[in-house]
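In: sequence first, then the predicted structure, then my questions.
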Amino acid sequence: MRGGGWPEVRPSGRPPGRLAPPVLLGMVLVIAAAGLVYELVMAAVASYVLGDSVTQFSTIIGVYLSALGLGAYLSRFVDRRLASTFVDVEVATAVIGGLSAPGLFVAFAYTSAFHLILYSIVVLTGVLVGLELPLLIRILRREYELKELIARTLTFDYAGALVGSLAFSLLLVPRLGLVQTSLACGMLNALVGLASTWVLTGSDERERRSLRRARWLALSVALLLLGVLLHAERLTSVAEAGLYQERITLAQQSAYQRIVLAESGGNKKLYLNGNLQFSSADEHRYHEALVHPAMATAQQPEDILIGGGGDGLAVREVFKWPGVEQVTVVDLDQQVTDLARSHPDFVRLNQDALNDPRVTIVNADAMVWFAKSRETFDVIILDFPDPSNFSLGKLYSRQFYRTAIERLRPRGALVVQSTSPLFARTAYWCVVSTLRSAGFAALPYHVFVPSFGEWGYVLATRSPAEPPAHLPPVALRYLNPSILRSMLEFPPDMSEVFAKVNRLNNQALVGYYLEAWKRWN
C-alpha cells in the first residue's frame, strides 16, 4: 500500500508504525543544514587565512556543489545494504566535516600544502553529503509514492539549507566560532548515524548485525567530537600559535570577526580576521597622520565623527585639540568597542578615551547609519579596514562619499585612510578619484608606518582648502610642521595614476586592491 500508507509488515518483521518515515524526513533536514554549514565553514576559513573572500567563497562553493553531484552519481553503485551504507556515510561525514575547520587552521599554520588539503576536504565532504540524500530517498521509497517522496524530501532538504544558512550567520559563528561550529555539525551527523541504527531496518540478518556494530562506531565518533568540542579553544590556540609569531594574550570570536591581541617584547598588536590593525610600537605615526591634518583644516572642530576606529586610538588623538565637545564613534563590532573600553591593554593605549563622557559609541553598519542620520559634523574621520572585500569596498564607494558629504559642515574636513600608495598604487588613487567624483576637493598625502610601510590618506573638503599648517598645542610623538609639509609630496613611484571611480555596481577598488596585494604577497 502506497500514497502515504504503511505496509503491514516491514522487511525486518517488525510491527507497523509511523515513526520511521517522519524521523527519516527530519534527518533530511538535519543533514541538509549540516551540509550547508560545512560548505560555509570551509569558505569562511579559507577567506580568513587567505583573504579575497569573493574568490574563496565562489571557488569553494563551486567545487563543493560539483562534489555533491559526484556523490549523487556514486550512489547508483550502492545496490545492497542501503541502511548500513547510509550510517557509514553519516559517520564519515561527521569525522571529515566535523574536523574540517580545526584541521584547516592547523594545516595553514604548520604545513605548506594548505590548498591541497583544503580542496581535498571540500571534495570529500561534498561527495559524502551528496551520497546522503539519494540513499535516504531509496530507503524512503518503501513508504511513499515517487512523486510524494520527491516532493517531501526536497522540501525538507531545501528547508534544511535555509536553517543551516540562517544558523551559521546568526547563531553558530557568533556564539561558537568556526571551529566549534564545524565540530557541532559533525556531532549532528554522528547522532543522525546513531539514530539511524534504530530507525532503519536491514535487508537481511547480516546487514542488521552491521547496523548494531555501526551503532557503537557512531556513538564513539559522537563522543570523540564532543571531547574535541569541549577542548576546542585549546585546539584553536594551538592553530593560532602557528599563525602569529607573537604570544597571544586574547582571542575572541565576535559576531563579525576573529579578534586576536598578541604581544612580543612589550609590543601589542591587534589582529582582526588575521589582518594586522595596529602595532603599539608605531601606531602613533598612523593615528597622528590620520587625525591631525583634518583637525587642523576644519574651522573650530567641535563635533567629530569617526567611522570605524573602535579601538579608540583615533579618539585619543582627537582629544589633543581644545574645544572638542562631542565625538561619535560608529563601529560595527560591539565586542571591539567593549574591549577598547575595558581591556587594560586597550585602555592604556587609547588613554581611556572611549570612556570620556563626550564620546558616543554607535555599533552599526556605517553605510546604513550615514544614510539615516541627519547630524552634521566639523570633522569626519573614516578609519575603516582596507577594501579587501565587497562589504568593505562599499564604504569607499561614490555613493557612500555622497552621503558623507551631506554629514560634513561647510567649513569642515573629512579624512579617509586609503591603503598604501606604494604597494597598492592604483587602489590608493582610486580612492582619490572617487572622492573627487562625489564632490570633494581631495588632498592626497602619505606617511611611513614601519608595520605597514608607506601608507596613504586623503584629506577632503567641500571646497578647495589650504594644506594643513598647524598642529595641536600638545607634544606629538611623530608629527611636526616639517613632516606635515613633506607628507604632501609623492615620489614618482607613488605619483598619481588613472583609476576608475569606485561605485557600488563595479567595486573597482576591491579589484585594484586585491590584484596589488597579491603581487606583493
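Out: Done, it's in.
In: quick check on residue 106: phi, psi?
Out: With angles defined as degrees, to the nearest 10, residue 106 sits at phi -70, psi -40.
In: what's the neighbour count on it?
Out: 18 (other CB atoms under 10 Å). Quick note: C-beta positions are derived from backbone N, CA and C, even for glycine.
In: so for the residue lying closest to it once chain neighbours are set aside, what's the pLDDT?
Out: Of all residues not flanking residue 106 in the chain, residue 239 sits nearest, at 4.9 Å (CB to CB, 6 or more residues apart in numbering). Looking at residue 239, its pLDDT reads 75.
In: helix or strand right after the strand or helix carrying residue 239?
Out: Counting by DSSP states H and E, the element that carries residue 239 is helix 232-243. Downstream of helix 232-243, the first helix or strand assigned by DSSP H and E is strand 247-253.
In: ok, now how distant is residue 74 from residue 469?
Out: According to CB to CB, to the nearest Å, residue 74 and residue 469 sit 72 Å apart.
In: which one's more surrounded, the two?
Out: For the pair residue 74 and residue 469, the greater number of neighbours falls to residue 74 (14 against 11), based on other CB under 10 Å.
In: ok, back up a step: could you export the helix holding residue 239 as PDB, CA atoms only?
Out: The C-alpha trace of helix 232-243 is given here as PDB (Å, rounded to 0.1, in the frame of the first residue of the first chain):
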ATOM      1  CA  ALA A 232      38.100  23.500  21.000                       C
ATOM      2  CA  GLU A 233      39.600  26.700  22.500                       C
ATOM      3  CA  ARG A 234      42.800  24.900  23.300                       C
ATOM      4  CA  LEU A 235      42.900  23.500  19.700                       C
ATOM      5  CA  THR A 236      42.200  26.900  18.300                       C
ATOM      6  CA  SER A 237      45.100  28.300  20.400                       C
ATOM      7  CA  VAL A 238      47.400  25.700  19.000                       C
ATOM      8  CA  ALA A 239      46.500  26.700  15.500                       C
ATOM      9  CA  GLU A 240      46.700  30.400  16.100                       C
ATOM     10  CA  ALA A 241      50.100  29.900  17.800                       C
ATOM     11  CA  GLY A 242      51.300  28.900  14.400                       C
ATOM     12  CA  LEU A 243      49.600  31.800  12.600                       C
END
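In: how about it: buried residues?
Out: For helix 232-243, the neighbour count (16 or more other CB atoms under 10 Å) marks 232, 235, 236, 239, 240, 243 as buried.
In: for the last one, give me its contacts.
Out: Neighbouring residues of residue 243 by CB atoms under 8 Å, 6 or more residues apart in numbering: 49, 105, 108, 109, 274.
In: of the buried residues of helix 232-243, which is the nearest to residue 485?
Out: Ranked by distance to residue 485 (CB to CB), these are led by residue 243 at 40.3 Å.
In: how close does the closest one sit to residue 160?
Out: Counting by CB to CB - residue 243 and residue 160 are separated by 33 Å.
In: again, but for residue 418
Out: Residue 418 is 44 Å from residue 160, by CB to CB.
In: burial count for residue 113?
Out: Neighbours of residue 113 (other CB under 10 Å): 10.
In: phi, psi of it?
Out: The phi/psi pair for residue 113 (degrees, to the nearest 10) reads phi -110, psi 40.
In: mind pulling the model confidence for the closest residue to it other than its chain neighbours?
Out: Using CB to CB, 6+ apart and skipping residues adjacent in sequence, the residue nearest residue 113 is residue 107, 7.1 Å away. pLDDT, the model's per-residue confidence, is 89 for residue 107.
In: and the angle from the host helix or strand of residue 107 to helix 232-243?
Out: According to DSSP H and E, residue 107 maps onto helix 100-110. Relative orientation of helix 100-110 and helix 232-243, computed by axes from the mean of the first three to the mean of the last three CA atoms, to 10 degrees: 30 degrees.
In: quick one on the thing from earlier: list just the nearest of the contacts of residue 243 to residue 175.
Out: residue 105 (18.5 Å).
In: and residue 418 and residue 160? Which one has more around it.
Out: Shown here are residue 418 and residue 160; by other CB under 10 Å, residue 418 has more neighbours (29 against 23).
In: and that one, how far from residue 46?
Out: 27 Å.
In: returning to what we had before: what's the angle between the helix holding residue 239 and strand 247-253?
Out: Going by the same axes, to 10 degrees, helix 232-243 makes 130 degrees with strand 247-253.
In: the stretch 401-521 of the chain: strands as residue ranges?
Out: With DSSP state E, counting those that start in this stretch as the criterion, the stretch 401-521 of the chain has strands at 408-417, 441-449, 453-461.
In: tell me the strands beside the host helix or strand of residue 262, with direction?
Out: For residue 262, the host element (DSSP H and E) is strand 258-264. Strand pairing for strand 258-264, determined by DSSP bridges: strand 247-253 (antiparallel), strand 267-272 (antiparallel).
In: in terms of mean pLDDT, which of those ranks lowest?
Out: strand 247-253 (a mean of 86).
In: what residues does that strand touch?
Out: 173-174, 176-178, 236-237, 240-241, 258-264, 268, 335, 339, 343, 345.
In: repeat for stretch 400-410
Out: If you take CB under 8 Å, 6+ apart as the criterion, stretch 400-410 is touched by 305, 366-367, 370-371, 373, 375-378, 380, 382, 394, 414, 434-435, 438-440, 460, 462.
In: what does stretch 293-304 give?
Out: So stretch 293-304 is contacted by 318, 321, 323-328, 375-381, 411-415, 445, 457, 459, 461, 465-466, 468-472, 484, 487 (CB under 8 Å, 6+ apart).
In: may I see the contacts of residue 243 organised as CSV, with neighbour count added?
Out: Converted to CSV, the contacts of residue 243 look like this (neighbours: other CB atoms under 10 Å):
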residue, neighbour count
49, 19
105, 23
108, 23
109, 16
274, 17
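In: now distance to residue 358 too, for these, in TSV please.
Out: Formatted as TSV, the contacts of residue 243 follow (distance: CB to CB, whole Å):
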residue	distance to residue 358
49	39
105	41
108	43
109	43
274	34
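In: quick one: which of these is nearest residue 198?
Out: residue 105 (35.3 Å).
In: now that closest one. Nearest residue, chain neighbours left out?
Out: Per CB to CB, 6+ apart, closest to residue 105 is residue 239, 3.6 Å.
In: so how far is residue 227 from that neighbour?
Out: Residue 239 is 17 Å from residue 227, by CB to CB.
In: spit out the contact partners of residue 182.
Out: 37, 38, 41, 97, 98, 99, 100, 101, 102.
In: count the neighbours of the third one for me.
Out: What it means is residue 41. Quick note: residue 41 (other CB under 10 Å) scores 26 neighbours.
In: would you mind measuring from it to residue 84?
Out: 28 Å.
In: again, but for the first one
Out: Applying CB to CB, the value for residue 37 to residue 84 is 26 Å.
In: which one of those two has more residues nearby?
Out: Each of residue 37 and residue 84 has its neighbours counted (other CB under 10 Å); residue 37 has more, 26 against 23.
In: for residue 182, see how far away that one is.
Out: Distance from residue 37 to residue 182, by CB to CB: 7 Å.
In: got it, and residue 108?
Out: 15 Å.
In: and for residue 431?
Out: Taken as CB to CB, the span from residue 431 to residue 182 is 37 Å.
In: residue 50 now?
Out: 17 Å.
In: quick check, nearest of the contacts of residue 243 to residue 310?
Out: residue 274 (17.4 Å).
In: quick one: residues contacting the closest one.
Out: By CB under 8 Å, 6+ apart, the neighbours of residue 274 are 48, 49, 243, 258, 260.
In: can you pull the contacts of the closest residue to residue 517 other than its chain neighbours?
Out: Spatially, and ignoring its direct neighbours in sequence, residue 517 is nearest to residue 424 (6.1 Å; CB to CB, 6+ apart). Taking CB under 8 Å, 6+ apart, we find residue 424 in contact with 512, 513, 516, 517.
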